[in-house]
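Chemist: Pasting the sequence and the predicted model now:
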Amino acid sequence: MNHVKGIHHVTAITSSAEKNYDFFTHVLGMRLVKKTVNQDDIQTYHLFFADDKGNAGTDMTFFDFPGIPKGKHGTNEIAKTSFRVPTDEALTYWVRRFDRLGVEHEGIQEQFGKKTLSFIDFDEQAYQLISDEFNEGIASGEPWKNGPIPLEYAITGLGPIFIRIADITYFKQVMEQVMLFKEIGREGDVYLFEGGEGGNGAQVIVIHDETSPQARQGFGTVHHVAFRVEDRSVLDEWTARLQQFGLPTSGYVDRFFFESSYARVAPQILFEWATDGPGFMGDEPYETVGEKLSLPPFLEAKRSQIEAMVRPIDTVRSTKTFEKEYEGMK
């Protein structure tokens, strides 16, 4: 059985595509590599923020479903997304940056031997930065070269994904028997699972929580997490494996930028398996990626209809110069 390689992407829900673009571009310094629509709900934007070239394992994506209410954090949810930064020193940079920009954070902490910095955005979506200083395992991506963050401190990719769950016995079976992850650490009711090539980019942190109210999906919450597989043949292996365990799947889905299959593995926990390719650079040049509304070929015939439904968002960056913001670290 070909194991998953690591985390592929995380998809969440935002109250505002415009605020979301501003936060990820100007605060976090991640690159918008695709401005498209939800292929199953074409009135909804789908924004992809990633590393410099949109490599698999680096992208956080967002839907802005019109009229959706605010979500509620609780148990049985994908609770928090991590981003990797190169060093412990980078976290000091981000504390200074967040303080200057008014981003709410919890200060530098340590979990499972790694330095971290948890923070939230305008929707109370939960994130953390995690240091790669002592990390071994799957490689991260490349920071956005022309963004506002000095490269030595910049976000390079996705780190551990947090899941809060009520039935830990069942979910441990999912992680170990179905996903083929191994439990490599525990701190109280918090379990660290690792799969694939290991390290920060291939870890899931599971919090056992039987007391919090049930989470409710809405803006400010995560929709699903995707895991990396090499290609279509491995994707098909995983679809067959999930069916053997009695987990209903979506079957094969062609997302144009990658190929996928989905399964709900626990209450309110949606997993996706996604191929590393083809990637995001096939339909736009590197210099202007993410600046136009990109549609897969099977939606191109509906472009005028879609453009009439989604409001324009100015995402042009190629004509602008972002000065590196050192936050007094230089």
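Modeler: Perfect, I can see it now.
Chemist: going forward, measure contacts between C-alpha atoms and count neighbours the same way
Modeler: OK.
Chemist: Pretty sure residue 118 sits against residue 106.
Modeler: Yes: contact criterion CA atoms under 8 Å: residue 118 and residue 106 qualify, at 5.5 Å.
Chemist: Compare these two (neighbour count), which wins?
Modeler: residue 118 (19 against 12; other CA atoms under 10 Å).
Chemist: Show the contacting residues for the more buried one.
Modeler: Residues in contact with residue 118 (CA atoms under 8 Å, 6 or more residues apart in numbering) are 105-108, 126-129.
Chemist: Show me how to select, in PyMOL, the buried members of those.
Modeler: Selection of buried members from those for PyMOL, criterion 16 or more other CA atoms under 10 Å:
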select buried, resi 105+108+126+127+128+129
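Chemist: Which of the contacts of residue 118 sits closest to residue 270?
Modeler: residue 126 (17.5 Å; CA to CA).
Chemist: Now for the contacts of residue 118: which two are most distant?
Modeler: The most distant members of the contacts of residue 118, if one measures by CA to CA, are 108 and 126, lying 15.1 Å apart.
Chemist: Could you look up the SS state of residue 80?
Modeler: strand (DSSP: H, G, I helix; E, B strand; the rest coil).
Chemist: what pLDDT does it get?
Modeler: Residue 80 is assigned 98 on the pLDDT scale.
Chemist: Isn't it up against residue 128?
Modeler: Yes: counting by CA under 8 Å, residue 80 does reach residue 128; the two are 7.3 Å apart.
Chemist: Overlap in contacts, the two.
Modeler: Here residue 80 and residue 128 share no contacting residue, scored by CA under 8 Å, 6+ apart.
Chemist: would you list the contacts of residue 118 in JSON lines and tack on distance to residue 13 and secondary structure?
Modeler: Listed next are those as JSON lines, based on distance: CA to CA, whole Å; DSSP: H, G, I helix; E, B strand; the rest coil:
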{"residue": "105", "distance to residue 13": "20", "secondary structure": "strand"}
{"residue": "106", "distance to residue 13": "22", "secondary structure": "strand"}
{"residue": "107", "distance to residue 13": "25", "secondary structure": "strand"}
{"residue": "108", "distance to residue 13": "26", "secondary structure": "strand"}
{"residue": "126", "distance to residue 13": "12", "secondary structure": "strand"}
{"residue": "127", "distance to residue 13": "13", "secondary structure": "strand"}
{"residue": "128", "distance to residue 13": "17", "secondary structure": "strand"}
{"residue": "129", "distance to residue 13": "19", "secondary structure": "strand"}
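Chemist: which among the contacts of residue 118 gets closest to residue 51?
Modeler: residue 129 (14.7 Å).
Chemist: For the stretch 51-200 of the chain, just list every one of the helices.
Modeler: 88-101, 168-173 (DSSP state H, counting those that start in this stretch).
Chemist: Counting neighbours, which bits of the shortest one end up buried?
Modeler: In terms of neighbour count (16+ other CA under 10 Å), helix 168-173 has its buried residues at 168, 171-172.
Chemist: and if you look at the first one?
Modeler: By 16+ other CA under 10 Å, the buried positions in helix 88-101 come out as 88, 90-95, 97-98.
Chemist: just stretch 23-40 next, same as before
Modeler: Applying 16+ other CA under 10 Å to stretch 23-40 flags 23-25, 27-38 as buried.
Chemist: Could you measure from residue 254 over to residue 239?
Modeler: The gap separating residue 254 from residue 239 is 14 Å, by CA to CA, to the nearest Å.
Chemist: Between the two, which has more neighbouring residues?
Modeler: residue 239 (21 against 11).
Chemist: contacting residues around the helix or strand the more buried one falls within?
Modeler: Remark: residue 239 resides in helix 232-244, with elements defined by DSSP states H and E. With contacts defined as CA under 8 Å, 6+ apart, helix 232-244 is touched by 1-2, 178, 229, 248-249, 251-252, 259-261, 263, 273-275.
Chemist: Identify the residues contacting residue 288.
Modeler: If you count contacts by CA under 8 Å, 6+ apart, residue 288 has them with 316-318.
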